[in-house]
Each structure stands twice: as C-alpha cells, then as structure tokens.
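Participant: everything below, folded, please.
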Amino acid sequence: MAIGSKKIQRKNIRATYAAGAAAVTITALALTAAPAVQAAPALAPAALTLGSYQPSASTTGVPAGTALKAYNTSGADLVITTDGTVLNGLDIYGDIKVRAKNVVIKNSRLHGGKAIPKSNTGVVDATSAAVVNLVVQDSTIVPDRPSYYRDGIVGHDYTARRNHIQGSNDGLGIFNRPGGPVTANVTAEGNYIHGLTYWSYDPAHSDGTHNDGIQVQGGQNIRIVGNNIVANSKPGTGSAPNPRGTHAGTGIMLQQNVAQLANVVVDKNWVDDGQTSINIDNGKYSKITVTVSNNKLGRNQFDFGNGSKYPIRVISRAASTVGGLTTSNHWADTQALLVEGKTGGIRYNY
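Facilitator: Numbers count the residues shown, from 1 in each chain. You can find the predicted model right below:
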C-alpha cells in the first residue's frame, strides 16, 4: 500500500470509534508514512538543547516536508486500547482517547472532533487509569472546532514534546487521576503554545473561560522545561469579546485543586501575556512547594490599572515555598533579574 510514492509501514492495532451513543470496535491500521526526502536543516529541533532556544512555529509541530495520510476522517472519537500503538505521519480527525500503555503520537496534525464535547476533554485525552507513558511529539494540535470543553492535551502520565498547540481552551492540562495515585508523571518540553480560544459562556466560570497555556492542578513528578507560552486568546465563533482584550488567563498555572503538588519543576521557559504569566496558588492545601527557575518573562500581561501587572504571581507568601523564584528568573528583553514589587515582576497577593 502506498500514498503516492510514499511507502507505508503497517501495524495492526485495536481501536474503537465512538459515534454518538454507538461504539464499534474495529481492527485498524497504524500507518507510518515515510518522510519526504529533503535536505536536513542546520540543526534539527531534536538536537537543540532545551532552554537554549525559544520554541516557535519553525521548531515545533509537524516537521517540514512530512507526508501526512488522512486518518479517521469521520471525526468520531478515536479510542486507543492497545498497548504500544504508534500513530506517525497522519492527518488525524477526532478527539483521541488514550486507554493504553506506551502509545506514541508523532509527526502528525491533530484536528480534534467535529462535534462539541459534552464534558471536558482534549484533542488528546489521557485521563484514563490505563494511560502509562504516552508520548505526543512533533505534532500540530489545532482543533477544527474549538470549545470550552476541548483542551490540547489533558491528563496524566504523558510527555508532550515540541508540539505546536493553538486554538484550544487550555493548551496542556496536567493532574494526577482523582482517586488514583498521587503521581501525575508529566513532562512538557520544547512546546509552543499560544492563541487560545476564549468563550464568554463557560459552564465552569461565570466570567468566561480562564484559558491557560499550561494548567497544573495536582500531582507529583511534573517537569515543564524549555517551552514558549504566550497566554493570548481570541473569541470563538459566537462568543462575546473578552473584556480583557487578547489576554488569556495564565501562561503557567500551578494550583492545587485536585491534589497537593510535589517534585514540580518549571525551568527555562519563555512566558508572556495573560492576566498572569506564572501563577502559584496553594489552593485547597495549606502549603505549596514548587521550583520556578531560569524562566524568561515578557511584559505584555493585562494591566489592572496604573501599570499593575503580574508576570509572576504568588497567592500566599506564608503558604508558598518557591525554589529559584527570586534568584534566577529574568526579563526576556533586558535579562535583568525579576524582583519583588509592583514593577519588579514578582508579586504576592498577601
């Protein structure tokens, strides 16, 4: 079998397509399209050192020259239930529900579902207890039908690497499984997240969606390194304008809604825009301990009045232990160290 002159490697997998109330289990093909022959760039993104370059459209998403094969064009949910499934070089429609171990999605364009979800999910949903060691890399994740219920990637036990994520509600959602282990086991590195979709109507918020580039809500073993996160947004079709203009919610949200955080490292990222670029909130727990170090902060946050902006915002001084906060985070433009104060870049609510 071939796509034009491109050879296809085949691997049988078991997949489930869910359409409406019906769910049919079928035998599908995991297609791997051979990449187009092209001259290698001076330095491929995979060879670059995290934190030494600012991820952009040219270093994330589907690699240039990759031949994509249309897959699951009905747009129904694609539920992966076989361990070791590999989706490579595909133009994939439908929200991908991962229910297996060691699944790899790479070099692919992910469109998401054609219908509005009935509850919170992602273009890639990794919330199942069956998910272990999911890898999503070198892929472009832009939903064809944005929704306040459709994030980019959401769940636990995954690695998101060098993806270009745009147009979703949140870019990445990270939390351990409620009622399950305390570990989240998520790595996000080298991604470019920007241009989220704002909705004036949101069942979870009376003031519209709180779009976050990366939202961490609980769990242990979370590593966020070398990403470029621009927390801006635009209204979705039918939405009223965002009263905060193009500013989304938060670039990186560290908030203990689901569980207490531990072994959480936010390092060497570029973060800008939003109402707050990096937010640290102990939430429903009395203490929060995280590392926020060596990040480069922009200055384009929402102005709450008279130059009042929040590049890094810590909700409670007494409740928060933040490694590297005052010793290693810098302004992206001048490289000057962030300091506490209204214009210094680091602020505490109380």
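
Participant: what segments of the stretch 201-350 of the chain are strands?
Facilitator: With DSSP state E, counting those that start in this stretch applied, the stretch 201-350 of the chain shows strands at 212-225, 228-231, 233-235, 250-255, 261-267, 270-273, 276-281, 288-293, 296-297, 312-314, 320-323, 330-331, 339-340, 345-348, listed in chain order.

Participant: name the helices or strands packed onto the fifth one?
Facilitator: I take that to be strand 261-267. Based on contacts counted as 3 or more Cβ pairs under 8 Å, 6 or more residues apart in numbering; DSSP states H and E, the elements that strand 261-267 packs against are strand 212-225, strand 250-255, strand 288-293. C-beta coordinates here come from the backbone N, C-alpha and C atoms, glycine included.

Participant: hang on, the earlier thing: need the strands of the stretch 201-350 of the chain in TSV with mean pLDDT, distance to residue 137 and mean neighbour count, can you?
Facilitator: Listed next are those as TSV, based on pLDDT from 0 to 100; distance: least, Cβ to Cβ, whole Å; neighbours: other Cβ atoms under 10 Å:
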stretch	mean pLDDT	distance to residue 137	mean neighbour count
strand 212-225	98	14	25
strand 228-231	99	16	28
strand 233-235	96	25	19
strand 250-255	99	20	28
strand 261-267	99	19	21
strand 270-273	98	19	24
strand 276-281	98	24	26
strand 288-293	99	24	20
strand 296-297	99	23	21
strand 312-314	98	28	24
strand 320-323	98	28	16
strand 330-331	99	28	16
strand 339-340	98	36	12
strand 345-348	98	32	19
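
Participant: thinking again about what came up before, any idea which of the helices and strands packed on strand 261-267 gets closest to residue 121?
Facilitator: For these, proximity to residue 121 was assessed by Cβ to Cβ; strand 212-225 is nearest, at 14.1 Å.

Participant: any idea of the angle that closest one forms with strand 276-281?
Facilitator: Strand 212-225 and strand 276-281 are oriented at 70 degrees to each other (axes from the mean of the first three to the mean of the last three Cα atoms, to 10 degrees).

Participant: list the pairing partners of strand 212-225 within its sheet, with orientation.
Facilitator: Within its sheet, strand 212-225 is paired with strand 172-175 (parallel), strand 183-189 (parallel), strand 250-255 (parallel), strand 261-267 (parallel), according to DSSP bridges.

Participant: nearest residue to residue 345 in space, please, no chain neighbours.
Facilitator: residue 338 (3.4 Å; Cβ to Cβ, 6 or more residues apart in numbering).

Participant: ok, now how distant is that neighbour from residue 332?
Facilitator: When distance is defined by Cβ to Cβ, to the nearest Å, residue 338 is 11 Å away from residue 332.

Participant: and for residue 284, the neighbour number?
Facilitator: Residue 284 is surrounded by 12 other residues when neighbours are defined as other Cβ atoms under 10 Å.

Participant: got the contact list for the nearest residue to it once chain neighbours are set aside?
Facilitator: Nearest in space to residue 284, with sequence neighbours left out and distances taken as Cβ to Cβ, 6+ apart, is residue 256 at 6.2 Å. Under the criterion of Cβ atoms under 8 Å, 6 or more residues apart in numbering, the neighbours of residue 256 are 217-218, 281-285, 288.

Participant: one more: residue 127?
Facilitator: By Cβ under 8 Å, 6+ apart, the contact list for residue 127 reads 121, 154-156, 177.

Participant: will you turn those residues into JSON lines that also has distance to residue 113, secondary structure and neighbour count?
Facilitator: JSON lines is the format used below for those (distance: Cβ to Cβ, whole Å; DSSP: H, G, I helix; E, B strand; the rest coil; neighbours: other Cβ atoms under 10 Å):
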{"residue": "121", "distance to residue 113": "8", "secondary structure": "strand", "neighbour count": "23"}
{"residue": "154", "distance to residue 113": "14", "secondary structure": "strand", "neighbour count": "24"}
{"residue": "155", "distance to residue 113": "16", "secondary structure": "strand", "neighbour count": "25"}
{"residue": "156", "distance to residue 113": "21", "secondary structure": "coil", "neighbour count": "27"}
{"residue": "177", "distance to residue 113": "22", "secondary structure": "coil", "neighbour count": "21"}
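
Participant: between those, which is closest to residue 347?
Facilitator: Taking Cβ to Cβ as the measure, residue 347 sits nearest to residue 154 out of the contacts of residue 127, at 28.8 Å.

Participant: how near is the closest one to residue 345?
Facilitator: Distance of residue 154 to residue 345, computed by Cβ to Cβ: 29 Å.

Participant: now swap in residue 272 and tell me
Facilitator: Separation of residue 272 from residue 345 (Cβ to Cβ) stands at 12 Å.

Participant: and for those two, which residues touch both?
Facilitator: Any residue near both residue 272 and residue 345 by Cβ under 8 Å, 6+ apart counts here, and that gives residue 297.

Participant: ok so, going back, which of residue 338 and residue 332 has more neighbours?
Facilitator: When neighbours are counted by other Cβ under 10 Å, residue 338 comes out ahead of the other of residue 338 and residue 332, with 20 against 15.

Participant: for that one, give me the pLDDT.
Facilitator: According to the prediction, residue 338 has pLDDT 98.

Participant: was I right about it contacting residue 312?
Facilitator: Yes - with contact defined as Cβ atoms under 8 Å, residue 338 counts as touching residue 312 (6.5 Å).

Participant: a markdown table for the strands paired with strand 212-225, including distance to residue 138?
Facilitator: Formatted as a markdown table, these follow (distance: least, Cβ to Cβ, whole Å):
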| stretch | distance to residue 138 |
| --- | --- |
| strand 172-175 | 16 |
| strand 183-189 | 12 |
| strand 250-255 | 22 |
| strand 261-267 | 21 |
